[in-house]
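> Need coordinates for the below:
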Amino acid sequence: MSAPTSPADLYRHSLRLLLDKDIPAWVALWAEGSLMEFPFAPAGWPRRLEGKEAIAAYMRHYPDHIDLHDFPDLRIHQTTDPGTIVVEMRGVGRLVESDAPFDMTYIAVVTVRDGHITSYRDYWNPLAVQEPSADFTGSSR
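Below is the predicted model:
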């Protein structure tokens, strides 16, 4: 695939990589000094990941815990900053350990510079982790 030309194209490509469970290629889309934030993360969950290595470590075992099947209802909004998009979507699949359904809503503010993600504020639904079978990371938190 040729390099995505816009933040929206890069983001769509990133979703395809997640569905393909290609976490190394997904991490390669990030800039070295990038920042991933989870402003609504409940206590015990990470709120801020600084740098590509921290993001890679956080995502490394993601496919072992969540088997993503689709991102329905994807809507990408342009902003006045051509490098920043706002994304609305759902991620659906199953939790690997329990085989329970996974259905999460997200709003993300994503900034791309020089063809790499530099900032990603992920406003995922914190209520979903209150479900008894919702240990997405396999950790004891």
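
> Helices along this protein, start to end?
Taking DSSP state H as the test, the helices found in the chain are 7-19, 23-27, 52-59, 62-65.

> Is it possible to get a markdown table of those helices that adds mean pLDDT, mean neighbour count and distance to residue 116?
Every residue, glycine included, has its C-beta placed from N, CA and C. Output for these, formatted as a markdown table (pLDDT from 0 to 100; neighbours: other CB atoms under 10 Å; distance: least, CB to CB, whole Å):
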| stretch | mean pLDDT | mean neighbour count | distance to residue 116 |
| --- | --- | --- | --- |
| helix 7-19 | 97 | 17 | 8 |
| helix 23-27 | 97 | 16 | 11 |
| helix 52-59 | 96 | 16 | 9 |
| helix 62-65 | 91 | 15 | 19 |
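
> how about these, which one is nearest residue 86?
With respect to residue 86, and counting by CB to CB, the nearest of these is helix 7-19 at 10.3 Å.

> closest one to residue 72 among the helices of the chain?
helix 7-19 (11.1 Å).

> Quick one: low-confidence residue ranges for the protein.
1-4, 129-141 (pLDDT under 70).

> distance of the residue nearest in space to the middle of it from residue 95?
Taking CA atoms, centre = their mean, the centroid of the chain lies closest to residue 122, which sits 7.0 Å from it. Separation of residue 122 from residue 95 (CB to CB, to the nearest Å) stands at 18 Å.

> One more: residue 124?
In terms of CB to CB, residue 124 sits 15 Å off from residue 95.

> ok, the nearest residue to residue 128 once chain neighbours are set aside - how many residues close by?
In space, residue 128 comes closest to residue 104 once its chain neighbours are excluded; the distance is 5.4 Å by CB to CB, 6 or more residues apart in numbering. When counting by other CB atoms under 10 Å, one arrives at 18 neighbours for residue 104.

> And the one 4 residues further on, by the same measure?
A total of 18 residues lie near residue 108 under the criterion other CB under 10 Å.

> just to revisit the earlier point, okay, the residue nearest to residue 128 and residue 8: tell me how far apart.
Taking CB to CB, one finds residue 104 at 21 Å from residue 8.
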